[in-house]
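Asker: Sequence and predicted model, in that order:
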Amino acid sequence: MSETRVVRAAKLIDGTGQIIPGPHVIIKDKCIEQVGTADDVAVPFGAEVIDVGDCTLMPGLIDTHVHLGALNCTSFGTARIARFEITPQLQSFYALFHAQICFEMGFTTMRDAGRGTPRGDFAEEMCAVRDAINNGIIAGPRLLILAECVITGAHLELLTLPRAMHRVAGATADGPWELRKKVRELIRSGADGIKTSVTGGVSLGTDPEVRNMTQEELDAITDEAHAFKKPVAVHCFTPEGLHMCVNAKVDTIEHMVYSDEESIARVSESGIWVVPTLLNRTEYAIDQNARQGLPPSLIETQRAMLPHCFGTFREMKAAGVRIAMGTDIHNVPEMGCAARELEIYVDEGMTPMQSIQTATRDAAEAIGLGDSIGTIEPGKFADILAVRGDPLDDIKVLQEADNIGMVMKEGAVYVDRLAPVPRTVRHPEPGVWRKIDRE
Ligand SMILES: [Zn+2]
């Protein structure tokens with residue numbers, strides 16, 4: 001096999017906002033060497049040519065907020081039952097399975113936003129999945145793993161662990177020094193960053209509008225993580241929480257829920273990235289939550305919150321807040337449907353190009369990988385999709401597996417649906433795997 005490859009297509013969306021008709025992308029080993037029109041960029045002697053015909057090339061997609069280790073409805077009938085049946089060890093295989101489903105849909109990079117288990121944080125298991133992929137043992141997307149560092153009784157604790165369940169010692173931490181120690185332990189275990197919650201959310205025993213820690217505690221977490229050069233992603237639902245995040249200089253604010261003019265102005269001025277996670281705020285997802293056994297009171301809270309989330313998105317966009325795509329796919333909706341988030345952004349006023357950039361260039365920058373991925377430019381990793389159709393004409397084309405013709409990560413083709421015999425990374429065909437809690 002030749003070291004140099006050329007991908008040739010009908011059109012290229014490079015992620016910077018440019019469109020190149022009839023592109024040639026020259027790839028040397030893992031990285032992009034040259035990009036331009038076929039007239040400007042010649043095929044090097046001996047290079048392997050990958051011609052994807054009428055397809056549109058674009059950078060591999062990035063979801064900056066997903067829970068691959070969640071008891072997702074793709075794999076489990078009822079998350080509330082599955083949490084009693086599934087060990088963390090087994091769940092790491094499902095996390096890999098979920099990652100591969102997303103990978104086949106064009107998500108070449110995903111940032112996992114953590115999960116608690118009765119045996120403690122799930123970060124070590126997720127780090128193992130990440131490293132198995134990085135070491136070439138199994139195929140999957142590039143993963144960044146956030147580990148949860150939260151106070152006792154925080155939303156993120158109660159979200160995945162019922163209040164009556166026994167907890168291991170040290171699963172949560174309180175006060176600046178305990179939290180600093182927890183951050184150090186999580187980073188020692190291999191996490192790429194810290195996830196915490198500054199306000200409540202939608203889980204039993206918490207209220208979305210209450211504070212989840214003091215400013216002093218958030219400052220301690222952020223200062224400690226930054227000392228280790230690791231980012232902090234903060235679950236936040238309220239204006240008070242937004243102010244606390246800006247004060248602490250966190251790296252990303254997760255979710256768009258309640259806000260006001262003053263808090264939005266401060267976030268905008270700070271330049272902190274905000275991750276909308278609107279896919280999990282749709283009627284579709286709320287109905288699925290109801291079917292998954294979420295109590296009616298929480299379903300009501302979710303419905304009442306819905307207009308605020310979309311309103312905050314529009315107001316933050318208007319105020320120039322930096323927006324990076326993230327879905328918050330958790331127990332619902334199905335793994336692999338993340339591109340629907342981009343359709344929501346278009347429905348709420350973004351152009352298709354802006355929407356695509358939230359999941360490419362902007363997402364890469366938000367998660368600290370702006371120098372190596374997110375655009376199709378010389379020097380970056382060759383994470384490239386060939387898409388049937390043009391997502392600039394119809395953003396929905398990214399939602400159909402058949403349209404994701406090729407998925408290349410670091411110069412290697414993992415998914416090829418354009419070949420006479422399509423190639424994917426998962427072994428089971430859709431519908432072949434068993435839902436383990438439905439025997
Ligand atoms: Zn989340």
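Answerer: Done, it's in.
Asker: list the buried ones in the longest helix along the chain?
Answerer: Taking DSSP state H as the assignment, the helix of the chain that covers the most residues is helix 296-318. Neighbour-count burial for helix 296-318, with 16 or more other Cβ atoms under 10 Å as criterion, is recorded at 298, 301-302, 305-306, 308-310, 312-313, 315-317. Heads up, the C-betas are built off the backbone N, CA and C, glycines and all.
Asker: How about the residues of the stretch 101-250 of the chain by the ion?
Answerer: Counting by Cβ under 5 Å from the ion, the stretch 101-250 of the chain comes close to the ion at Ala113.
Asker: What are the neighbouring residues in contact with whichever residue of the stretch 101-250 of the chain sits closest to the ion?
Answerer: Closest approach between the stretch 101-250 of the chain and the ion, counting by Cβ to the ion: Ala113, at 4.4 Å. Ala113 makes contacts with His65, Val66, His67, Leu146, Lys195, Ala233, Glu254, Gly326, Asp328, as judged by Cβ atoms under 8 Å, 6 or more residues apart in numbering.
Asker: got the phi/psi numbers for the first one?
Answerer: It refers to His65. Main-chain dihedrals, His65, degrees, to the nearest 10: phi -150, psi 100.
Asker: And for the fourth one?
Answerer: For Leu146, the backbone dihedrals (degrees, to the nearest 10) come out as phi -90, psi 140.
Asker: Could you count how many residues lie near Ala227?
Answerer: 12 (other Cβ atoms under 10 Å).
Asker: Please apply the same query to Leu186.
Answerer: Close neighbours of Leu186, defined as other Cβ under 10 Å, add up to 25.
Asker: could you dump stretch 188-200 to PDB, C-alpha only?
Answerer: Extracted C-alpha coordinates of stretch 188-200, given in PDB (Å, rounded to 0.1, in the frame of the first residue of the first chain):
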ATOM      1  CA  ARG A 188      -4.200  10.000  37.800                       C
ATOM      2  CA  SER A 189      -6.600   7.400  36.500                       C
ATOM      3  CA  GLY A 190      -6.100   8.700  33.000                       C
ATOM      4  CA  ALA A 191      -9.000  11.100  32.500                       C
ATOM      5  CA  ASP A 192      -8.600  13.800  29.800                       C
ATOM      6  CA  GLY A 193     -10.600  16.400  31.800                       C
ATOM      7  CA  ILE A 194     -13.000  16.900  34.600                       C
ATOM      8  CA  LYS A 195     -16.800  17.200  34.500                       C
ATOM      9  CA  THR A 196     -18.700  18.700  37.300                       C
ATOM     10  CA  SER A 197     -22.100  20.200  38.000                       C
ATOM     11  CA  VAL A 198     -22.600  23.800  39.300                       C
ATOM     12  CA  THR A 199     -26.400  23.500  39.400                       C
ATOM     13  CA  GLY A 200     -29.100  20.800  39.700                       C
END
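Asker: Mind listing what's buried along it?
Answerer: For stretch 188-200, by 16+ other Cβ under 10 Å, it's Ala191, Asp192, Gly193, Ile194, Lys195, Thr196, Ser197, Val198, Thr199, Gly200.
Asker: Just the C-alphas of stretch 177-186, formatted as CSV.
Answerer: Provided in CSV are the C-alpha atoms of stretch 177-186 (Å, rounded to 0.1, in the frame of the first residue of the first chain):
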residue,chain,number,x,y,z
TRP,A,177,-9.4,20.3,49.5
GLU,A,178,-11.5,17.1,49.1
LEU,A,179,-12.4,18.2,45.6
ARG,A,180,-8.8,19.0,44.7
LYS,A,181,-7.8,15.5,45.9
LYS,A,182,-10.7,14.0,43.8
VAL,A,183,-9.5,15.9,40.7
ARG,A,184,-6.0,14.6,41.3
GLU,A,185,-7.2,11.0,41.6
LEU,A,186,-9.3,11.2,38.5
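Asker: how about the nearest residue to Pro141, chain neighbours excluded?
Answerer: Sequence neighbours aside, Phe103 is the residue nearest to Pro141 in space, at 4.4 Å (criterion: Cβ to Cβ, 6 or more residues apart in numbering).
Asker: The residue nearest to Cys127 when sequence neighbours are not counted: what's it in contact with?
Answerer: Leaving aside its chain neighbours, Cys127 sits nearest to Gly190 (3.8 Å; criterion: Cβ to Cβ, 6+ apart). With contact set as Cβ under 8 Å, 6+ apart, Gly190 has these partners: Ala123, Glu124, Cys127, Asp131, Ile145.
Asker: My guess is Phe107 contacts Thr64. True?
Answerer: No - counting by Cβ atoms under 8 Å, Phe107 sits too far from Thr64 to count as a contact (10.6 Å).
Asker: thinking again about what came up before, closest to Asp40 out of the buried residues of helix 296-318?
Answerer: Ranked by distance to Asp40 (Cβ to Cβ), those are led by Lys317 at 35.0 Å.
Asker: Let me know the pLDDT of that closest one.
Answerer: Lys317 carries a pLDDT value of 98.
Asker: Equivalent analysis for Leu158, please.
Answerer: 88.
Asker: a markdown table for the buried residues of stretch 188-200, including pLDDT and secondary structure?
Answerer: Output for those, formatted as a markdown table (pLDDT from 0 to 100; DSSP: H, G, I helix; E, B strand; the rest coil):
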| residue | pLDDT | secondary structure |
| --- | --- | --- |
| Ala191 | 98 | coil |
| Asp192 | 98 | coil |
| Gly193 | 98 | strand |
| Ile194 | 98 | strand |
| Lys195 | 98 | strand |
| Thr196 | 97 | strand |
| Ser197 | 96 | strand |
| Val198 | 97 | coil |
| Thr199 | 97 | strand |
| Gly200 | 94 | coil |
